[in-house]
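Visitor: Need the 3D shape of this:
(one chain, ligands or ions: 1)
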Amino acid sequence: MISIENLSVRYRDEFALEQVTAQIQKGELLAVVGPNGAGKSTLLKTIMDQIKPHTGHIDLAQSRLSDIAYLPQSSQIDKQFPITVREFVAGGAWRRLSFWRAFNRKENVRIYSALETVGLLGMEERQISALSGGQFQRMLFARMLVQDADILLLDEPFNAIDAQTIEDLMKVIERCQQAGKTVIAVIHDLALVQRYFPQVMLLATQMIAKGDAHQVLSTDNLIRAGYQHLAHLPADSTLLSKTA
Ligand SMILES: Nc1ncnc2c1ncn2[C@@H]1O[C@H](COP(=O)(O)OP(=O)(O)OP(=O)(O)O)[C@@H](O)[C@H]1O
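Guide: Residues are numbered from 1 along each chain as shown. Reported below is the predicted structural model:
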């Protein structure tokens, strides 16, 4: 379980998160949603201990930081770096390796199996700069699979990605959850959240709501979170698909 207690995070004098409290159960498939600047990425970075809280804390229970895999926004990765798909995906194994324990057969099997799962088998010797947006995202997922962590943090994994890739990668996420992993994903597209995510955390610097998707994503909650364009709609969450 991840226990977030009264968490506040600030950059200089501006709060990005304010007094957020939430419990995330082991094995949860959770979408983190909220308008621009709501503190979603900050929450993931704080869970990963990249950012220190101003007040409050996050308790990972039995898990350690090494049990967390983080899939950053793809815009944060240098796509021109001269490295092949196989080399990039192999990077997911680094925690298990050392100078003395180099790659063995088992790690190679893991890499090729991950490439197969995301549909990139046959592309392993390609430079990452030659991949399409969808292929690049598949490669990020393959590296995350190789890491084989218990907690997966995904920051906008489906931004500017085609529908087929989203569907394929959602299957990968669902399989991870069925294997007992905890999945926490920042997602902008509320229709996508409604379709795939049973649990939702709605943030607007403060916690607006967390729980079952259909309850959290009520028009009322969304307006409270600052989705102003919903203000003229009746309180009917089926209208959500129009917000994407
Ligand atoms: N490194 C930083 N220095 C200063 N302010 C920051 C920094 N990172 C984020 N912020 C600010 O903190 C607030 C929350 O940012 P964050 O990136 O966590 O929001 P978000 O919900 O992920 O936004 P988006 O949906 O636009 O990606 C924003 O006002 C942002 O401008």
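Visitor: could you point out which element follows the lowest-mean-pLDDT helix or strand in the chain?
Guide: Taking mean pLDDT, DSSP states H and E as the measure, the helix or strand of the chain with the lowest value is helix 105-117, at a mean of 90. Following helix 105-117 in sequence order, the next helix or strand is helix 133-147 (DSSP states H and E).
Visitor: What strands line up against the helix or strand just after that next one, and which way round?
Guide: Heading C-terminal from helix 133-147, the first helix or strand you meet, by DSSP H and E, is strand 151-155. Strands that pair with strand 151-155, judged by DSSP bridges, come out as strand 68-71 (parallel), strand 182-186 (parallel).
Visitor: Pull out the buried positions in the least confident helix or strand of the chain.
Guide: Residues 107, 110-112, 114-115, 117 are the ones in helix 105-117 that count as buried (16 or more other C-beta atoms under 10 Å). C-beta coordinates here come from the backbone N, C-alpha and C atoms, glycine included.
Visitor: show me where this protein has strands.
Guide: Counting by DSSP state E, the segments of the chain that form strands are 2-11, 14-24, 29-33, 55-59, 68-71, 151-155, 182-186, 199-204, 206-212.
Visitor: and the residue sitting nearest the centre point of the chain, bridged to which residues?
Guide: Taking C-alpha atoms, centre = their mean as the criterion, Leu154 is the residue nearest the geometric centre of the chain, at 1.4 Å. When assigned by DSSP bridges, Leu154 has beta-bridge partners Leu71, Ala185.
Visitor: any idea how far it lies from the ligand?
Guide: Note on Leu154: its distance to the ligand, by C-beta to the nearest ligand atom, to the nearest Å, is 12 Å.
Visitor: And the pLDDT at that residue?
Guide: Looking at Leu154, its pLDDT reads 97.
Visitor: list the contacts for it?
Guide: For Leu154, the set of contacting residues under the criterion of C-beta atoms under 8 Å, 6 or more residues apart in numbering consists of 71, 144, 173, 183-186.
Visitor: next one: Met48
Guide: Taking C-beta under 8 Å, 6+ apart as the contact definition, Met48 lies against 65, 68, 70, 153.
Visitor: Of the contacts of Leu154, which pair is most distant in space?
Guide: Comparing every pair within the contacts of Leu154 by C-beta to C-beta identifies Met144 and Val186 as the most remote, at 14.6 Å.
Visitor: Could you report the neighbour count for Gly37?
Guide: Counted by other C-beta atoms under 10 Å, the residues lying close to Gly37 total 13.
Visitor: next one: the one 10 residues further on
Guide: Ile47 has 21 neighbouring residues, counting by other C-beta under 10 Å.
Visitor: For Tyr70, see how far away it is.
Guide: Relative to Tyr70, Ile47 is positioned 9 Å away (criterion: C-beta to C-beta, to the nearest Å).
Visitor: Can I get the buried residues of helix 105-117 in TSV including distance to Gly133?
Guide: Listed next are the buried residues of helix 105-117 as TSV, based on distance: C-beta to C-beta, whole Å:
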residue	distance to Gly133
Glu107	28
Arg110	25
Ile111	22
Tyr112	23
Ala114	19
Leu115	18
Thr117	19
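Visitor: Sweet, I'm off.
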